[in-house]
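> Quick one: sequence plus predicted model below, questions after.
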Amino acid sequence: MKTSIATVSISGNLSEKLEAISAAGFDGIEIFEQDFIAHDGPPRDVGRQIRDMGLEITLFQPFRDFEGLPEPLRAKAFERAERKFDLMQELGTDLVLVCSSVHPQAIGGIDRAADDFAELGERAAKRGLRVGYEALAWGRHVNDHRDAWEIVRRADHPNIGLILDSFHTLARKIDPDTIRRIPGDRIFFVQLADAPAIEMDLLYWSRHFRSMPGEGDLPVTDFMRAVMAAGYKGPVSLEIFNDQFRGGRPATIAKDGYRSLICLMDDVRRAEPDISMDLDPIPARSRIAGTAFVEFASRGKEAESLEGLLGTLGFQVAGKHIAKDLTLWRQGDIRIVVNRETTGHAASAYTARGTTVCDIGLAVACADETVGRAVALGTEPFSQATGPGELDIPAIRGLGGSVLHFIDEASGLSKVWDVEFRNSQSPAASDAGLKSIDHIAQTMTYDEMLSWSLFYTSLFQMTKSPMVDVIDPDGLVRSQAIETGDGAFRITLNGAETHRTLAGGFLAETFGASVQHIALASEDIFKSAEQLFQLGFKPLPIPSNYYDDLSARFDIKQEELERLKAANILYDRDDGGEFFQLYSAPFAGGMFFEILERRGGYAGFGAANAPFRIAAQKRLLRPKGMPRV
Ligand SMILES: O=C(O)c1ccc(O)c(O)c1
Ligand SMILES: [Mg+2]
């Protein structure tokens, strides 16, 4: 299977695009004509440069407004085509995409268009070139792949074939299974793109909001299953028009593209086991059983105050590492490691960001297979020298410089706490009844959110929830949850658009995406609140106005309302159940802990409470009278 991507999908100049595409592992590129025209260099040199990088030009595109024109426009269209054929031969590619006409003078008529293509096929054949016809979703007369196929079929020329583009088919809600009726060898090329489910003009949606397969909401897997079932053997190519990608880092976007494409084709293979596909087998998505540990890189006074906070949250020291400066804190099933090492990954993370979550450990069924899939999807494995008596725990580099370790029982890795840590005697102090990590909240720029959601959903058995808006007094933050079906592991992605939001300020402070808060689950939040009070924990103060509003919004008994208010607990409810949350004050540049209880099947994260929580946090960070920066 040949992988390909259109140059229009990646930011930068032509050389930067090619560099990124080649490094990400693609076999070929579609040259989007504009990218060539903007380049200063003859086509022969461009062709050579591309081949020298180990890439093939799978397609030249687009050729517009060709079919169904009256004379003299028709003759002119053929002349234009001959000029582009010249260019293709110089570049060294044999396939051109003709997209369905939007020309105001195009007459329409299936047979007229078929005749035009039959003649174009003759001209192309003389030069050993091929022409593929794509129905644009907003084409004037042809906007459905079934009509484009009928034209190709009637043109009846071996050098004329069909080009399918998942966006155009799926955006118009055309059943992708109609592709199963088209002979595979008549499909010359397949372009893939996803898009978020938003109602808008088709052209605008296509030109600004396409995304990598899996990043949006269209049934791209069903589309590709139909294409493969039809017997298609050509390249699978990404064609993504996206405003954020146009301004993104070329290397990141290209890597995301490769990850999404391999993941998609692996999904197709699993869904259509009877179709032979030329793709190396890769392990299936891993099921995450839970968060095994969260590791903070910290030093000196910051580390002391972090550990002080852990103490008031009811954590106890459970062990010290046999060789490294690591302290293991524990409560219920929660393990938090404080790493004060001055060399290695944690040390670099600390140098770059200050106190930060440098590592997350996930419990999986098979750590090696998890890394195997990640690497097949273009993720870098991570390893660090291990000392005597230490376990080599498989790991990968996540996004934004993060590291993920994988712990399984089968390989004995889950014994790491006994093997590598000298266990301390548990002090007599009582804990706060916190049992597990409910979710980990990662903050990033809005532009990075698609990369992160793709990362989690392509590697693990996790699904994404719809995006929600979180109103910060100083701007909007978008939030999206990615979670396992059983809730054993949940991540929330918070995308900031301005540094003035709490999330954006944290992002600026910590130099890039990282964990901003960790939510710890209690089975009885009122009891936990009482224990936390005894331990000296200082909750985030929530104003009276919030509780007055709460009693208006929900039918809550006065007594219950008083309990919530006394403990600074925020409340929410959905169809499934009830939700209670309280927060710590911010520490180390804007991180914080959340303590929560889900009662019944509450599925959300308290988005309705976020504006009030954020305003309260900002009051602590920005005392009255301080100017706003
Ligand atoms: O937006 C466009 O015009 C356009 C051009 C070429 C394509 O292959 C496509 O899918 C869309
Ligand atoms: Mg297309």
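Yes, it's here. Numbering: from 1, shown residues only. Ligands and ions are numbered 1, 2, ... in the order given.

> Residue of the stretch 1-150 of the chain nearest ligand 1, please.
Pro62 (3.7 Å; Cβ to the nearest ligand atom). For glycine as for every other residue, the C-beta is placed from the backbone atoms N, C-alpha and C.

> buried set for whichever helix in the chain runs longest?
In the chain, assigned by DSSP state H, the helix with the most residues is helix 250-271. Within helix 250-271, the residues scored as buried using 16 or more other Cβ atoms under 10 Å are 250-269.

> just stretch 405-422 next, same as before
405-408, 411, 413-414, 416-417, 420-421.

> Could you give the separation of it from the chain centroid?
Centroid separation between stretch 405-422 and its chain, computed with Cα atoms, centre = their mean, to the nearest Å, is 29 Å.

> mean confidence for that stretch?
Mean pLDDT, stretch 405-422: 93.

> What of stretch 56-68?
Stretch 56-68 comes out at a mean pLDDT of 98.

> Could you do stretch 616-624 as well?
81.

> sorry, back to before: with secondary structure and distance to Ser276 added, can I get the buried residues of stretch 405-422 in JSON lines?
Formatted as JSON lines, the buried residues of stretch 405-422 follow (DSSP: H, G, I helix; E, B strand; the rest coil; distance: Cβ to Cβ, whole Å):
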{"residue": "His405", "secondary structure": "strand", "distance to Ser276": "37"}
{"residue": "Phe406", "secondary structure": "strand", "distance to Ser276": "32"}
{"residue": "Ile407", "secondary structure": "strand", "distance to Ser276": "36"}
{"residue": "Asp408", "secondary structure": "coil", "distance to Ser276": "32"}
{"residue": "Ser411", "secondary structure": "coil", "distance to Ser276": "33"}
{"residue": "Leu413", "secondary structure": "helix", "distance to Ser276": "36"}
{"residue": "Ser414", "secondary structure": "helix", "distance to Ser276": "39"}
{"residue": "Val416", "secondary structure": "helix", "distance to Ser276": "42"}
{"residue": "Trp417", "secondary structure": "helix", "distance to Ser276": "46"}
{"residue": "Glu420", "secondary structure": "helix", "distance to Ser276": "46"}
{"residue": "Phe421", "secondary structure": "strand", "distance to Ser276": "50"}
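
> Quick one: name the residues of the chain near ligand 2.
165, 191, 239 (Cβ under 5 Å from the ion).

> would you turn these into a markdown table with neighbour count, secondary structure and pLDDT?
Shown next, in a markdown table, are the residues of the chain next to ligand 2 (neighbours: other Cβ atoms under 10 Å; DSSP: H, G, I helix; E, B strand; the rest coil; pLDDT from 0 to 100):
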| residue | neighbour count | secondary structure | pLDDT |
| --- | --- | --- | --- |
| Asp165 | 25 | strand | 98 |
| Gln191 | 25 | strand | 98 |
| Glu239 | 27 | coil | 98 |
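
> So which of those reach ligand 1?
165, 191, 239 (Cβ under 6 Å from any ligand atom).

> Give me the distance between the first one and Arg181.
The gap separating Asp165 from Arg181 is 18 Å, by Cβ to Cβ, to the nearest Å.

> in the stretch 251-400 of the chain, what spans have low per-residue confidence?
Within the stretch 251-400 of the chain, no range satisfies pLDDT under 70.

> What segments of it are helices?
Using DSSP state H, counting those that start in this stretch, the helices of the stretch 251-400 of the chain run over residues 300-312, 345-353, 367-376.

> Name whatever forms a beta bridge with the residue in the chain positioned nearest to ligand 2.
Across the chain, the shortest distance to ligand 2 (Cβ to the ion) belongs to Asp165, at 3.6 Å. For Asp165, the beta-bridge partners under DSSP bridges are Gln191.

> what sits against it?
Contacts for Asp165 (Cβ atoms under 8 Å, 6 or more residues apart in numbering) come out as 134, 190-193, 239.

> Run a quick neighbour tally on the closest residue to Ala432 other than its chain neighbours.
In space, Ala432 comes closest to Gly314 once its chain neighbours are excluded; the distance is 3.0 Å by Cβ to Cβ, 6 or more residues apart in numbering. Per other Cβ atoms under 10 Å, the neighbour tally for Gly314 reads 25.

> Check the secondary structure at Asp40 for me.
Secondary structure for Asp40, judged by DSSP: H, G, I helix; E, B strand; the rest coil, is coil.

> What is the neighbour count of it?
Around Asp40 there are 7 residues (other Cβ under 10 Å).

> circling back to that earlier point, now render the buried residues of stretch 405-422 as a markdown table, adding distance to ligand 1.
Shown next, in a markdown table, are the buried residues of stretch 405-422 (distance: Cβ to the nearest ligand atom, whole Å):
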| residue | distance to ligand 1 |
| --- | --- |
| His405 | 41 |
| Phe406 | 39 |
| Ile407 | 44 |
| Asp408 | 43 |
| Ser411 | 46 |
| Leu413 | 47 |
| Ser414 | 49 |
| Val416 | 50 |
| Trp417 | 53 |
| Glu420 | 53 |
| Phe421 | 56 |
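
> possible to save those residues as TSV with distance to Lys76?
Conversion of the buried residues of stretch 405-422 to TSV gives the following (distance: Cβ to Cβ, whole Å):
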residue	distance to Lys76
His405	63
Phe406	61
Ile407	67
Asp408	66
Ser411	68
Leu413	68
Ser414	71
Val416	72
Trp417	75
Glu420	75
Phe421	77
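
> residue ranges with poor pLDDT in the stretch 501-629 of the chain?
Checking the stretch 501-629 of the chain against pLDDT under 70 turns up 623-629.

> if I pick the closest residue to Phe209 other than its chain neighbours, what's in contact with it?
Of all residues not flanking Phe209 in the chain, Ala195 sits nearest, at 5.3 Å (Cβ to Cβ, 6+ apart). For Ala195, the contacting residues are 167, 170-171, 205-206, 209-211, 216-218, by Cβ under 8 Å, 6+ apart.

> in the stretch 151-300 of the chain, which spans are strands?
Remark: strands assigned in the stretch 151-300 of the chain by DSSP state E, counting those that start in this stretch are 160-165, 187-192, 236-238, 288-297.
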